[in-house]
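Novice: Next one to model:
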Amino acid sequence: MKFSTVFFAIAFVFMQPTHANDHKKQEQAMGNIFKILTPSEWEAFKHDGSFRGSPMDLKDGFIHASLDDQKERILQKFFKGIRPVVMIEINPKLLTEGSLKIEANKPGGDQYPHIYRQIPLTAVIGHRVIAN
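Specialist: So this is what the prediction gives:
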């Protein structure tokens, strides 16, 4: 086999385009996601029918969320000593298509769900108030 044939075969494998459905497959496999809100954010969310983000979300350009195994860590890191808070559970399949991305918070860091559009109230499938 000639070098050019081997090179072409290897190049062909590595140059395959990323599938557009990769994020959708991740989204379907991950289960529900979670967002922690202040009581006033939750009340405004219910009143408005959608949530555009907390001040930190708006500054960063997306709504920060967490996976099931990350929610307690986020609660301790960003909401320590802040009570009550409301943890909402979101079905990612009910978000605007393409608005959810799983991304690292920093290069090589943990992967978190980031929502790039408002969250419709219809995507919230549950909530609980955390009082202490």
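
Novice: Quick one: residues contacting the closest residue to Ser50 other than its chain neighbours.
Specialist: Closest residue in space to Ser50, ignoring its immediate chain neighbours: Gln118 at 4.4 Å, by C-beta to C-beta, 6 or more residues apart in numbering. Placement of C-beta: from N, CA and C, glycine included. If you count contacts by C-beta atoms under 8 Å, 6 or more residues apart in numbering, Gln118 has them with 50-53, 63, 96.

Novice: separation between Gln118 and Glu103?
Specialist: For Gln118, the distance to Glu103 (C-beta to C-beta, to the nearest Å) stands at 18 Å.

Novice: pLDDT wise, what is the residue positioned nearest the centre of the chain at?
Specialist: Note on the chain: the residue nearest the mean C-alpha position is Pro113, at 1.9 Å, using C-alpha atoms, centre = their mean. pLDDT for Pro113: 98.

Novice: Same check on the one 3 residues further on?
Specialist: Confidence per residue is given as pLDDT, and for Tyr116 that number is 98.

Novice: which residues touch it?
Specialist: Counting by C-beta under 8 Å, 6+ apart, Tyr116 has contacts 61-63, 98-101.
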